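> Got a predicted structure here, sequence first:
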Amino acid sequence: MDKPFAITLGPGSSLANRTGAWRTERPEYVHLTSPCDNACPAGEHVRQWLYEAEEGRYEDAWRTLVADNPFPAIMGRVCYRPCETACNRGTLDESVGINAVERFLGDEAIRRGWTVTVRAPRSGKRVLVVGAGPSGLSAAYHLTLLGHDVTVRDAGAAPGGMMRYGIPAYRLPRDVLDAEIARVVDLGVTLEVSTPVTDVPGALREFDAVFLAVGAHIAKRVEIPAGDGARILDAATLLRSMAGEERPALGRRVAVYGGGNTAMDAARTARRLGATDAIVVYRRTRDRMPAHDVEVEEALEEGVTMRWLSTVHHVEAGRVTIEKMCLGDDGKPQPTGEFEELGADSLVLAIGQNADLALLSGVPGVEVADGVMRVGTDFMTGHPGVFAGGDMVPADRTVTVAVGHGKKAARHIDAWLCGSSHEEPPVAPLATYEGLNTWYYADAPASVRPTLESARRTTTFDEVVGGLDASTALFEARRCLSCGNCFDCDNCYGVCPDNAIRKVGDHYEIDYDYCKGCGLCVSECPAGAITMRPERT
């Protein structure tokens, strides 16, 4: 009878000797938190959907994305990209154009008609969402996916909140806004517009829980001496009026008082309405300006001028008198007593906005301070069953933050309706740039999104910034360094001198009988997805 077939390992083979007993440290695969994930206020798993996008699996990438954020096409236009600010690639050359790829996926979904399906069983619970802005619609979306019946009521004539009435069409085209809102409503959300809510306790008799997400639509006021015939209006009213059929008449010379994003939008809108001069008056310096750099840069490109260290002193018909300021020892602006006149047919006030909290009257337990509501980490107010988010609570007032509030609040509302509490999963340590081996990454400059030619930017409300096409989106996704997470590059498998690393399906395993703990796999991992840990006893 033939002897069984056997392999004899030569004494020079690394598998001939079990070297694992020599170790004092062992390599282990890790899944760290990517900086982009950590920085996203909407809580997106950015690295994961970029990984799917770089393989050309665009629908898979979109579905991973909308598991957290129902508005990728909107966010790809209006988000201020904290993920890109945090991106490790920015230290190597330029940050990955995450926002551009997100927009591409969102636009592709609209073009191809991709939809989301509710798979959770019906809970029988009813939730009222007050406000059809980004936070309210995000909460409605996630609550519906969790199996609850959701009604959204909004005082406006159309849904969208500040996305519709505060962000100009040249930044967010209304067909994109309508398409992504329609996808939320099509899940089975009941939307009731032109339906203000004034009785929250009464709503709790009709619904099992209420989520308040009223946007900051009320402009803050400031007392400015004004003569007869002076034309003064607020930026919120100006931007809101753009949704109507009649465009406001501002004149050919417009002054805007304020330094935030709304001030930039007001000045850029004034240029599109025919103003030859649009001047932003701001009492501090540019480095203290709350407006994001991209907003300021685009305003300057469109001919908006800035008067730093200036404040409006008084207004007369056809002119605005400003007082020059200087920085005191504490860095705060101080008046100088020097005045200057600016020709201005109108003055637009853009000094901030408040949410309308009148609907909270008669709601016991609800606390308000500095124009916002106090909520717990679960987004619940002091009144059981009443939750709040978005502009109504202390936070940065951006669409991305509001969408994140809606998602997080929905999870807490779901838990509360089920008689439990929601606990966020533990967060893995952050993947640092120092933990990467960037030698393996080729130089790859970021893709530049096309922009509308300057001649059309101030004469139309056409979208200013364009999107990437399929090839540039694919290239941009492939610039991702996959920080702290394995992307199956085979480096560890190829460099191990003891053949101790094996490919098993879609992942790697280490055979510690043969691993001597040299750490070569750790040093050669491009993504920093392997670490050395003390040998277990």
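Structure's in. What do you need?

> How about the contacts made by the residue lying closest to residue 196 once chain neighbours are set aside?
Closest residue in space to residue 196, ignoring its immediate chain neighbours: residue 155 at 3.9 Å, by CB to CB, 6 or more residues apart in numbering. Yep, even glycine has a C-beta here, placed from its N, CA and C like the rest. Listed by CB atoms under 8 Å, 6 or more residues apart in numbering, the contact set of residue 155 reads 194, 195, 196, 197.

> Which one (most neighbours) among these?
When the contacts of residue 155 are compared by neighbour count (other CB atoms under 10 Å), residue 197 ends up highest, at 19 neighbours.

> Tell me the spacing between the closest residue to that residue other than its chain neighbours and residue 199.
What sits nearest to residue 197 in space, not counting adjacent residues and going by CB to CB, 6+ apart, is residue 130, at 4.7 Å. Look at residue 130 and residue 199: by CB to CB, to the nearest Å, they are 11 Å apart.

> now residue 330
Residue 330 sits at a distance of 47 Å from residue 199 (criterion: CB to CB).

> The two: which is more packed in?
More neighbours surround residue 199 than the other of residue 330 and residue 199, with 13 against 6 (other CB under 10 Å).

> Contacts only, for the more buried one.
Listed by CB under 8 Å, 6+ apart, the contact set of residue 199 reads 359, 362.

> Residue 114 versus that one, what's the distance?
Using CB to CB, we find residue 199 at a distance of 39 Å from residue 114.

> ditto for residue 506
Counting by CB to CB, the gap between residue 506 and residue 114 amounts to 25 Å.

> And these two? Which one has more around it.
Remark: of residue 506 and residue 114, residue 114 carries more neighbours, 16 against 7, as counted by other CB under 10 Å.

> How about the contacts made by the more buried one?
With contacts defined as CB under 8 Å, 6+ apart, residue 114 is in contact with 59, 62, 63, 108.

> Could you say which helix or strand holds residue 342?
Secondary structure assignment for residue 342, by DSSP states H and E: strand 333-343.

> Would you double-check that the residue nearest to residue 196 falls in a helix?
No. The assignment for residue 155 is coil, going by DSSP: H, G, I helix; E, B strand; the rest coil, so no helix is present there.

> correct me, but residue 511 touches residue 503?
No. Checked against CB atoms under 8 Å, the pair residue 511 and residue 503 is beyond contact range at 11.8 Å.

> Look at those two and report which has more neighbours.
For residue 511 against residue 503, the residue with the higher neighbour count under other CB under 10 Å is residue 511, and the figures read 15 against 12.

> need the contact list for the more buried one.
Residues counted as contacts of residue 511 (CB under 8 Å, 6+ apart) are 500, 501, 502.

> do that again at 7 Å, thanks
For residue 511, the contacting residues are 500, 502, by CB atoms under 7 Å, 6 or more residues apart in numbering.

> Next, count neighbours for residue 421.
When neighbours are defined as other CB under 10 Å, residue 421 has 9 of them.

> which residue packs closest to it, ignoring adjacent ones?
Excluding the flanking residues, the one nearest residue 421 by CB to CB, 6+ apart is residue 415, at 5.3 Å.

> tell me what the helix or strand hosting the one you found is packed against?
Counting by DSSP H and E, the element that carries residue 415 is helix 399-417. The contact analysis (3 or more CB pairs under 7 Å, 6 or more residues apart in numbering; DSSP states H and E) places helix 399-417 against helix 72-78, helix 134-145, strand 209-212, strand 386-388.
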